[in-house]
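Peer 1: attaching a predicted model along with its sequence, questions to come.
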Amino acid sequence: MGNLQGRDLLSLADLQTQEIYDLLALAKQLKSGEIKPDFQRKTLGLLFRKASTRTRVSFSVAMHQLGGHVIDLDPSVTQVSRGEPIEDTARVLDRYVDILAIRTSAQLELETFAKYCKIPIINALSDLEHPCQVLADLLTVQENFSKLQGLTMTYVGDGNNMAHSLLLGCALVGMNIRVATPKGFAPDPAIVAQARSLARGSEVIVTHDPKLAVQAAHVLYTDVWASMGQESEAVDRIPIFQPYQLNTDLMALADRSAIVLHCLPAHRGEEITDDVMEGKQSRIWDEAENRLHAQKALLVSLL
Ligand code: CP
Ligand code: NVA
């Protein structure tokens, strides 16, 4: 796994196919306890400009279990919120911590950190992508089906950061990916084009027809209809997104073996119904747990 050492993870497309498979294999070994790396004296900095439960806690616990240390670089109590330039902050933090996980809106901010830091920078969610989540998602799919290649993932909902990272991640591992969104909420065409160029024979479909998209799919995925920062649009979006709700009617069109994933937090009764979330096909809680194992593999590989 030495080949990822010192690298950044700003986008899933920063990883090659084999590197993703290696990370998943390492995550599996870490999850089973087969290997227990020791990162005593290594420090992970968490710089989060947005709320987080899973990402914050799973990174912290992962680092603790690896024997390392975590510093919460809360922007409100550092000079970050008082306007110190990112270029300056980055060069200083680079000399203190060994790795940084950053959650922010702008992908450009992550790129600036990466430019001014020699240490690895991890995208812990931006408006463009959520690569750490998709590593955990792929681990969960692999655990269920004992393979990834040839399976079909269908994402219904907003063409947001999750849709983008799923497009790239599925294309890279050889899964078919279908994304169904309302008109005006399609994923970024540049990301769709990138996914198509990364795919080696698997399908990359973007549509406005949720029923067509879920036909015979193996993994059904959804996310909130209004992401962090879009709260003011949330009420207006509900009627537009209603046909994209992940409910039992939509699920009936999928493969009988289909599983349901959601990155969480969920708005039950909006993008997903209670019965689907709590139903037999839901793997949502395993998926949340896998954030810990996938990110531990990422930390071990990058450090
Ligand atoms: N899925 C996810 O990233 O959750 P948090 O926002 O709680 O970190
Ligand atoms: N699309 C959501 C994902 C949260 C994990 C958001 O950006 O708020």
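Peer 2: Looks like it arrived, so ask away. Ligands and ions are numbered 1, 2, ... in the order given.
Peer 1: what's the span of stretch 34-45, first residue to last?
Peer 2: Its start and end residues considered, stretch 34-45 measures 27 Å (CA to CA, to the nearest Å).
Peer 1: next one, pLDDT for Asn3 please.
Peer 2: Turning to Asn3, the model gives it a pLDDT of 88.
Peer 1: in terms of helices and strands, where is the nearest residue in space to it that is not next to it in sequence?
Peer 2: Nearest residue to Asn3 in three dimensions, chain neighbours excluded: Glu19, at 6.8 Å (CB to CB, 6 or more residues apart in numbering). Using the backbone N, CA and C atoms, a C-beta is placed for each residue, glycine as well. Counting by DSSP states H and E, the element that carries Glu19 is helix 17-32.
Peer 1: check Leu47 too.
Peer 2: Counting by DSSP H and E, Leu47 is part of strand 43-48.
Peer 1: that strand packs against which elements?
Peer 2: helix 54-65, strand 69-72, strand 99-103 (3 or more CB pairs under 8 Å, 6 or more residues apart in numbering; DSSP states H and E).
Peer 1: neighbours of Ala294, how many?
Peer 2: The number of residues packed near Ala294 is 29, by other CB atoms under 10 Å.
Peer 1: related to what we said a few turns ago, for the helix holding Glu19, which outside residues touch it?
Peer 2: Helix 17-32 is contacted from outside by 1, 3-4, 12, 15, 35-37, 135, 138-139, 142-143, 169, 172-174, 200, 290, 293-294, 296-298, 300-301, using CB atoms under 8 Å, 6 or more residues apart in numbering.
Peer 1: please convert the buried members of those into PyMOL selection syntax.
Peer 2: Selection of buried members from those for PyMOL, criterion 16 or more other CB atoms under 10 Å:
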select buried, resi 4+12+15+37+135+138+139+142+143+169+172+173+174+290+293+294+296+297+298+300+301
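Peer 1: any idea how far the helix or strand where Ala294 lies is from the chain center?
Peer 2: Using DSSP H and E, Ala294 falls within helix 284-302. Distance of helix 284-302 from the chain centroid (CA atoms, centre = their mean, to the nearest Å) equals 10 Å.
Peer 1: is there proximity between it and ligand 1?
Peer 2: No - if you take CB under 6 Å from any ligand atom as the test, helix 284-302 misses ligand 1, and the best it gets is 7.1 Å.
Peer 1: contact residues of the protein facing ligand 2?
Peer 2: 125, 160-162, 223-224, 227-228, 263.
Peer 1: as a markdown table, those residues with neighbour count would be great.
Peer 2: Formatted as a markdown table, the residues of the chain next to ligand 2 follow (neighbours: other CB atoms under 10 Å):
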| residue | neighbour count |
| --- | --- |
| Leu125 | 27 |
| Asn160 | 24 |
| Asn161 | 27 |
| Met162 | 27 |
| Asp223 | 26 |
| Val224 | 23 |
| Ser227 | 19 |
| Met228 | 17 |
| Cys263 | 26 |
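Peer 1: if we can go back for a sec, winner for burial among the helices and strands packed on strand 43-48?
Peer 2: strand 99-103 (a mean of 24; mean count of other CB atoms under 10 Å).
Peer 1: for Thr55, which non-adjacent residue is spatially closest?
Peer 2: Closest to Thr55 by CB to CB, 6+ apart is Ala124, at 5.0 Å.
Peer 1: got the contact list for that neighbour?
Peer 2: Counted by CB under 8 Å, 6+ apart, Ala124 has contacts 46, 48, 52, 55, 59, 101-103, 132.
Peer 1: off-centre distance for the helix holding Glu19?
Peer 2: On CA atoms, centre = their mean, the centre of helix 17-32 falls 15 Å from the chain's centre.
Peer 1: 8 is where my numbering starts, stick with that
Peer 2: Right, with 8 as the first residue, what we last looked at is helix 24-39.
Peer 1: residues of that helix that come out buried?
Peer 2: For helix 24-39, burial by neighbour count (16+ other CB under 10 Å) applies to 26-31, 33-35, 37-38.
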